[in-house]
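S.K.: Sharing a model that was predicted from the sequence below.
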Amino acid sequence: MSANPSTNTFLAVFLGSKTNPRFQAWMAMSEAERKPKEAEGMKAWKAWVEKHQAAIVFMGGPLGKTKKVSAAGIEDISNAMGAFTVVKADSQEAAAKMFVNHPHFAIFPGEAVEVMPVLPIPGAP
């Protein structure tokens, strides 16, 4: 994947928190209640992928537990990032519009999708 901004490449990060009341309500459902909602969500997510297949550069996927690496060393942390996808679009606004009413928050208890351009590395050829 090129980091050239002329490629109109955008990173979409799916956010959600375990402290979100919607997530807590989701987890409070019985398995019998949650399973049909999960199936509905996955069907809608697959339909979203099919609709935007030509724009998807890298499907990405769910993110696991986070290790933070800094001058202080390595530590386990928690953050709101749950998944990611990389898409192409004519503009950031067009990329963002792909995620309006996305199943991540329209069906599943996710909170938002943040869409940002992938910029060139400063000083890179």
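M.R.: Right, received. Where do you want to start? Residues are numbered from 1 along each chain as shown.
S.K.: show me what contacts the spatially most central residue of the chain?
M.R.: Ranked by distance to the mean C-alpha position of the chain (CA atoms, centre = their mean), the top residue is Phe14 at 2.6 Å. Neighbour list for Phe14: 81-85, 104, 110, 112-113 [criterion: CB atoms under 8 Å, 6 or more residues apart in numbering]. (Each C-beta comes from the backbone N, C-alpha and C, glycine too.)
S.K.: Look at it and give its secondary structure.
M.R.: strand (DSSP: H, G, I helix; E, B strand; the rest coil).
S.K.: picking up where we left off before, closest one to Pro62 out of the contacts of Phe14, please.
M.R.: Ala83 (4.8 Å; CB to CB).
S.K.: Does the closest one touch Pro62 like I think?
M.R.: Yes: counting by CB atoms under 8 Å, Ala83 touches Pro62, with 4.8 Å between them.
S.K.: If you count surrounding residues, which of those two has more?
M.R.: When Ala83 and Pro62 are compared for neighbours, Ala83 comes out ahead with 17 against 9, by other CB atoms under 10 Å.
S.K.: Wait, a helix at the more buried one?
M.R.: No: assessed with three-state DSSP, Ala83 is strand; it does not lie in a helix.
S.K.: longest helix anywhere in this protein?
M.R.: If you go by DSSP state H, the chain has its longest helix at helix 31-52.
S.K.: packing partners for that helix?
M.R.: helix 103-106 (3 or more CB pairs under 8 Å, 6 or more residues apart in numbering; DSSP states H and E).
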